[in-house]
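>>> Just the structure for this:
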Amino acid sequence: MSSNRSVAMPDPDTDSVAKGSRQQKLQQLGILCGFAAALWLAAAEAPSKLVTVSISPFVISFMMVAGAFVSRWSLPALMRGTSDVLADTKQVCHLIVWGAMAGCLWAVGNTLTILAIRDVGLSIAFPLWNCNSLVGILWGVVLFRELRGAPALRKAAVVAGAVVICGGAVLLSFASGAGTASSASPVHGVMAAIGAGVVFGSMYIPYRKAYITGMNPLTFLTYFTIGELVTMTAIAVCFEGGPSPFWKELVASKQVLFWPFLGGVVWVLGDLLQNYATKYVGISRGIPLSNTNQLWGLLWGVLVFGELRGQSGSVYALVIGGSLLMVAGAAAIASSSATKDEYRSWEEAARRESKRYCIDAEYVAARMEGNEPPASRPGRTWLDYAIMAGAVAIFLYLASFSKVPAIPINWVYFTALCIAMLAALVGSGVALWRLTKFD
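So this is what the prediction gives:
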């Protein structure tokens, strides 16, 4: 007895088109997250202005890390649940060390940024430490096969963008020596900012290593915060002369501790978006995109805090021109979107990692594209709600005895920038949820 019913076979061409379409959507998502990250990363450094009112830069940096620590544990609990973090860890447990290492690098880099702001101001230091774009591009190409298989024109765009970024940094260095520094040691501030850029750029090696092997950004940042808290505590205690002097400095500064703590919370949101950008468009594109924060940082410094007030027109021209040059370079890099051949190169790097650490290849492939089945995610438990409640309690406790620092602030521009940040956060968050469910 015969049947006219035929079995439908999968069409390779259809699968290829579907995969290409998803990769294009992920590329657009990564670009959106990169620009949204820029707004939040810029705002996170605003509390660093407290160093101008005689607060120790190490206290400021420590409290930012404390805010980051609280946020990095409460955000995963809120968005996916701590059980999901543990389940993710079992698949790629070797990345715990890499996450902690990235946190250590961040703590060192953040301390350098505080010192740089103290010596040359936010609007100068900010673009200088964004030389991490150059370092990130280098590591992306050398270690993770980024840009391999890309057309010559797109490679040229990345190289040209890097050169333009360097040119902008040079202009800003000249500006820092032309009287914009608030300290007698502008050279030290420039060196600290560039050093921070090198450290931050190297920090993205663990980031990319995590994401080509499938680890969720929320899981990675949970372990990241362990490294940053331990390292920052050691730095603060060492440079403040021991545990007792450091504690006395904290107590003496208690009325302003809330603000750098808030800065750490804001930074985590920006860094999380930056991590999603790095996951879906790579280091060589994601970092330059998020480094458009230099323009937002300039707006915070000049419009909100009144930096550069009273300076000559040539100084304004150097600072604004240098910042715009760096933004143009980042735009050139971001416009060189990844091709199918380059995606294949990324997949080769992922297969290399999965083979090296004996990770399920299907798990790696699915997580790279944000395709984890919803059924595989554990639900929230009482621990998640306890963590979120504890985070809110700490936040409210610090806010209860805080005072606004005696720093001139333009509240109109402050409000406008905050509205832009919230719009970017909501837009990117909705897009992430719809396409990847925060995977």
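
>>> OK, contacts around the residue nearest to residue 399 when sequence neighbours are not counted?
Ranked by C-beta to C-beta, 6 or more residues apart in numbering and with sequence neighbours excluded, the top spatial neighbour of residue 399 is residue 258, at 5.1 Å. From N, CA and C alone the C-beta is placed, and that goes for glycine too. By C-beta atoms under 8 Å, 6 or more residues apart in numbering, residue 258 lies in contact with 398, 399, 402.

>>> Quickly note the distance from residue 258 to residue 397.
For residue 258, the distance to residue 397 equals 9 Å [C-beta to C-beta, to the nearest Å].

>>> Next, the buried residues of the helix or strand where residue 69 lies.
Element membership of residue 69 [criterion: DSSP states H and E] is helix 57-79. Neighbour-count burial for helix 57-79, counted by 16 or more other C-beta atoms under 10 Å, picks out 57-77, 79.

>>> what's residue 88 sitting at in phi/psi?
phi -60, psi -40 (degrees, to the nearest 10).

>>> Which of the helices or strands spans the closest residue to it other than its chain neighbours?
The shortest distance from residue 88 to any non-neighbouring residue, by C-beta to C-beta, 6+ apart, is to residue 219 (4.3 Å). Here residue 219, judged by DSSP H and E, is contained in helix 217-239.

>>> these two touch, right, residue 298 and residue 320?
Yes - contact criterion C-beta atoms under 8 Å: residue 298 and residue 320 qualify, at 7.3 Å.

>>> Can you name the residues in contact with the helix or strand residue 168 falls within?
Under the criterion of DSSP H and E, residue 168 resides in helix 152-175. Helix 152-175 is touched from outside by 124, 127-128, 130-131, 133-134, 137, 147, 190, 194, 284, 288, 315, 318-319, 321-333, 335-337, 339, with contacts defined as C-beta under 8 Å, 6+ apart.

>>> and the helix or strand just after it, what other elements does it pack with?
Beyond helix 152-175 on the C-terminal side, the first helix or strand identified by DSSP H and E is helix 186-211. Counting by 3 or more C-beta pairs under 8 Å, 6 or more residues apart in numbering; DSSP states H and E, the packing neighbours recorded for helix 186-211 are helix 95-120, helix 122-129, helix 132-144, helix 217-239, helix 258-281, helix 283-290.

>>> rewinding a little: buried only: go through the contacts of helix 152-175 for me.
For the contacts of helix 152-175, buried by 16+ other C-beta under 10 Å: 124, 127-128, 130-131, 133-134, 137, 147, 190, 194, 284, 288, 315, 318-319, 322-330, 332-333, 336-337.

>>> ok, now how distant is the residue nearest to residue 325 when sequence neighbours are not counted from residue 320?
Counting by C-beta to C-beta, 6+ apart, residue 325 lies nearest to residue 168, which is 3.5 Å off, once chain neighbours are set aside. Using C-beta to C-beta, one gets 10 Å for the distance from residue 168 to residue 320.

>>> Compare neighbour counts for these two and give me the winner.
Higher neighbour count among residue 168 and residue 320: residue 168, with 26 against 18, using other C-beta atoms under 10 Å.

>>> Mind pulling the model confidence for the more buried one?
On pLDDT, residue 168 comes in at 73.

>>> Give me the pLDDT for the residue lying closest to residue 224 once chain neighbours are set aside.
Closest residue to residue 224 apart from its sequence neighbours, by C-beta to C-beta, 6+ apart: residue 103 at 4.2 Å. On the pLDDT scale, residue 103 is placed at 88.

>>> cool, residue 59 as well?
Note for residue 59: predicted pLDDT of 85.

>>> list the contacts for it?
When contacts are counted by C-beta under 8 Å, 6+ apart, residue 59 touches 236, 240, 246, 249, 250, 253, 257, 260.

>>> Could you do residue 381 as well?
Applying C-beta under 8 Å, 6+ apart to residue 381 gives the contacts 81, 82, 83.

>>> Is the nearest residue to the first one once chain neighbours are set aside in a helix, a strand, or coil?
Just to be clear, that refers to residue 81. Sequence neighbours aside, residue 380 is the residue nearest to residue 81 in space, at 4.1 Å (criterion: C-beta to C-beta, 6+ apart). Here residue 380 is coil, with the state taken from DSSP: H, G, I helix; E, B strand; the rest coil.

>>> Please tell me how far residue 241 sits from residue 228.
On the measure of C-beta to C-beta, residue 241 and residue 228 end up 22 Å apart.

>>> Same question for residue 324.
Distance, residue 324 to residue 228, using C-beta to C-beta: 32 Å.

>>> Residue 219 now?
From residue 219 to residue 228 the distance is 16 Å (C-beta to C-beta).

>>> and the angle for the helix of greatest length in the chain with helix 258-281?
Looking across the chain with DSSP state H, the single longest helix is helix 12-44. Going by axes from the mean of the first three to the mean of the last three C-alpha atoms, to 10 degrees, helix 12-44 is angled at 160 degrees with respect to helix 258-281.

>>> per-residue pLDDT, the nearest residue to residue 99 once chain neighbours are set aside?
Excluding its sequence neighbours, the residue lying closest to residue 99 (C-beta to C-beta, 6+ apart) is residue 223, at 3.2 Å. pLDDT, residue 223: 86.

>>> From residue 86, how far out is residue 223?
The value you get for residue 223 to residue 86, if C-beta to C-beta is used, is 12 Å.

>>> Since that was my last question, I'll sign off now.
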